[in-house]
Each structure stands twice: as C-alpha cells, then as structure tokens.
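A.B. asks: fold the following and give me the result.
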Amino acid sequence: MKILIIRLSSLGDIVLTESICALLHESYPQAEIHYICKPAFADLPALFATEVKVIPYNKSLQFHKQLRETYYDIVIDLHGKLASCLLLLFSNASKKLSYNKQRSIRQAIVKGNHKLNIDSTVQLYTSSLKKLGIGTSWQYPKLKRPNNISSDLSQDILPNTIALFPGATHFTKRYPVDMWIKFINQNRCYNYALFGSNYDLALCNAIAAEIDQPCENYAGLLGYEDLLIALKRCVLVISGDTGPMHVAAAINIPQIALFGGTHPRLGFRPLNDKAKILCLDLSCQPCSLHGDKACPLGHFNCMRLLDAETIIHAIHEIGLSN
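C.D. replies: Residues are numbered from 1 along each chain as shown. Prediction:
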C-alpha cells in the first residue's frame, strides 16, 4: 500500500502534518508514506518521528506526468492551494482527499468574533481522513531528537542558554528589536543564542550588537537537523507565532510563544505541554490570519505591551532553574 501526502510549504505547517502521518501509519502500518514538499523544506519531513519518503516538488509538466504514472492507494492534499490541487488532480489514486480549512470561521475570528475558536490546524488536517474512518483522535506532532550531541555545534551552546527566534515573515508577528534588547539586558542570569534564516540575519545582528553580554548568532547557518541538535542543548525557546515555534513544540522542550497580530484561536497554538503562550487578547487581536506588514492601528500594542517583565515572569512560571 502506498500513501501520498502533499504539503508544499511552509516550515510550521509541514511540522504539523506529522500528526497525520502518524495517524496513517497507525491505521496502515505496512503502508509506504510518500511526502511531496518544496525542495527548500525537503530535509524536514525526513526528521518526522513517523518515517516518510520525501519527494521534492517540481512545478514542471514532467514532474506531474511522473506523478501520474505512479499509483497510490490514497493521496491527501494538506495544502489546499492551486499547485497542490493540480498535484491531487494529476495523481493516480483510488482515493483523493483534501481537508476543510474552515476559512469562514477564521475570517470571522479576524473580523472580531471573539467567541469562535479553532483548537489546532492539526484538527483541521484530520478532516481529510474522515472518509477513511480514522482521525477522530490525534497526537501532537513529533520530530526526531538527534542523538548527535557530541557535534561541535552542540558543544558551542553554553549551559543555561535560551534560544531566541526574533524573525518572522510578517512584521506583526515580530517582537520589536528594542524590546528583545531590553529583555536580554534585564535578564542576565541566562546565556542567549539567536536563531533564524538568512532573512533574519540583519535582525539578529542588530540585537547582538546592542546587548551587554556575549550572544551566539546562528541565523542563516543551520540546517534542520543541526537546528534540532542546537535546540536540544537549550533550556528554553522564545519565539513569535512562527515555524520555529512549531519545531520547538515538536521536540517537546520548554518554550514561550509571543502572539502579536495573530491569535492562538486561529488554530496555530504550539502543541506542547511545556509551552507558555503570551497573548494579551486585545480587542484588535487578531488583525490578520498570517500576519501583516504593519499594525493597522499604528500602535502595535499587541507586542509593545508584552514587556520584558512579562516575559521574565513567564520564565519563572515555567520553573527554569538558573
């Protein structure tokens, strides 16, 4: 039996699909699970706790023809965009499934309905399995925790280090640079390490240049496996509502998630019993589904009012020793 999962991007969304792979493996233990995603993310599903065979996506006609020539018993589109719908259409499968994005509920939440709530995107993903009679219960996504702790990278991470992810694709998901600096300078009982992609390098450099203690900057330097090795050495991860938040959750390490222009009620909370969510739940939150380029009201209070003292208090609540 062969099953194909389609989720082309992005980091956090791909991590969340591991739960669906786990459900499928539990129901069809002898099945091969194949996984199509964009090449930039191809190393990530390989780190799923559930074994999958990764197929890097190519938008060429030849790729689609090759897909057509490969028979699958089940193909599931967990992306719901034009490119993934075309892959579903081209696929040769007995059962072709997709999931309910609950667009209307999410739109209503963004427009100000504070009574509606989506528990998790994983819950939405499970709707794709309804025709298979599975998915009524699900577990948190899990990534493998590499055992390569003897690597040079893992030794570089100092004891008692907090991992910080300042970056995000959209401005309203980013904790402000000056507030990161203030938080670090007011909480000197820990070591710090900055993480992110190449796009976050300038942001991380700006923070590192203004703090009063040494701070390792790994922005743009690590692949996914090395990132997991590094995070395993840290005592805590602090991030916004971003892909790395879901990575930290999937390896079950203590974390603090800062929600600004988005909101956990949209279904993107970190699935981790060790997570502490900081969200002020202002009347204007959320102002968008995935973040925006600026605060629509100009004040950015959803992040600006999450001061250093609030984060430090959350660290104490988590119970870290220093």
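A.B. asks: is it true that Leu203 lies in a helix?
C.D. replies: Yes. Per DSSP: H, G, I helix; E, B strand; the rest coil, Leu203 lies within a helix segment.
A.B. asks: let the chain start at 304 from now.
C.D. replies: Sure, I'll start numbering at 304, so the last one becomes Leu506.
A.B. asks: surely it and Val480 touch.
C.D. replies: Yes. Leu506 lies in contact with Val480 (C-beta atoms under 8 Å); the separation is 6.5 Å. C-beta: built from backbone N, CA, C; applies to glycine.
A.B. asks: those two: which is more packed in?
C.D. replies: Using other C-beta atoms under 10 Å as the criterion, Leu506 and Val480 rank with Leu506 on top: 18 against 15.
A.B. asks: who's in contact with that one?
C.D. replies: 469-470, 477, 480, 499, 522 (C-beta atoms under 8 Å, 6 or more residues apart in numbering).
A.B. asks: buried ones only from those, please, as a PyMOL command.
C.D. replies: Of the contacts of Leu506, the buried ones can be selected in PyMOL as follows, counting by 16 or more other C-beta atoms under 10 Å:
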select buried, resi 469+470+477+499+522
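A.B. asks: ok, Ser363 - how many residues close by?
C.D. replies: 9.
A.B. asks: of the contacts of Leu506, closest to Cys598?
C.D. replies: Arg477 (11.1 Å; C-beta to C-beta).
A.B. asks: quick one: that closest one and Phe344, what's the gap?
C.D. replies: 21 Å (C-beta to C-beta, to the nearest Å).
A.B. asks: any idea which helix or strand in the chain has the lowest mean pLDDT?
C.D. replies: Across the helices and strands of the chain, the lowest-confidence element by mean pLDDT, DSSP states H and E is helix 455-459, at a mean of 64.
A.B. asks: all the strands of the protein, in order from the start?
C.D. replies: Per DSSP state E, the chain carries strands over the ranges 305-309, 335-340, 356-359, 374-380, 395-401, 464-468, 494-497, 518-520, 539-543, 558-561, 578-581.
A.B. asks: worst mean pLDDT among those strands?
C.D. replies: Comparing mean pLDDT over those, the weakest stretch is strand 518-520, at a mean of 91.
A.B. asks: contacting residues around the nearest residue to Thr439 once chain neighbours are set aside?
C.D. replies: Of all residues not flanking Thr439 in the chain, Thr429 sits nearest, at 7.8 Å (C-beta to C-beta, 6 or more residues apart in numbering). Going by C-beta under 8 Å, 6+ apart, Thr429 touches 322-323, 326, 402, 438-439, 441.
A.B. asks: inside helices: which ones of these?
C.D. replies: 322-323, 326 (DSSP state H).
A.B. asks: format those residues as JSON lines; extra columns: distance to Phe486 and neighbour count.
C.D. replies: Output for those, formatted as JSON lines (distance: C-beta to C-beta, whole Å; neighbours: other C-beta atoms under 10 Å):
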{"residue": "Ser322", "distance to Phe486": "32", "neighbour count": "26"}
{"residue": "Ile323", "distance to Phe486": "36", "neighbour count": "26"}
{"residue": "Leu326", "distance to Phe486": "39", "neighbour count": "22"}
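A.B. asks: which of these lies closest to Phe562?
C.D. replies: Ser322 (21.2 Å).
A.B. asks: contacting residues for the closest one?
C.D. replies: Contacts for Ser322 (C-beta under 8 Å, 6+ apart) come out as 425, 428-429, 441-444.
A.B. asks: low-confidence ranges, the stretch 504-625 of the chain, go.
C.D. replies: 624-625 (pLDDT under 70).
A.B. asks: same question, the stretch 354-503 of the chain
C.D. replies: Looking at the stretch 354-503 of the chain by pLDDT under 70, you get 449-458.
A.B. asks: do that again at 80, thanks
C.D. replies: Within the stretch 354-503 of the chain, the ranges that satisfy pLDDT under 80 run 438, 448-459.
A.B. asks: mind listing the helices for it?
C.D. replies: All helices of the stretch 354-503 of the chain, identified by DSSP state H, counting those that start in this stretch, fall at 364-372, 385-393, 406-413, 424-428, 455-459, 480-489.
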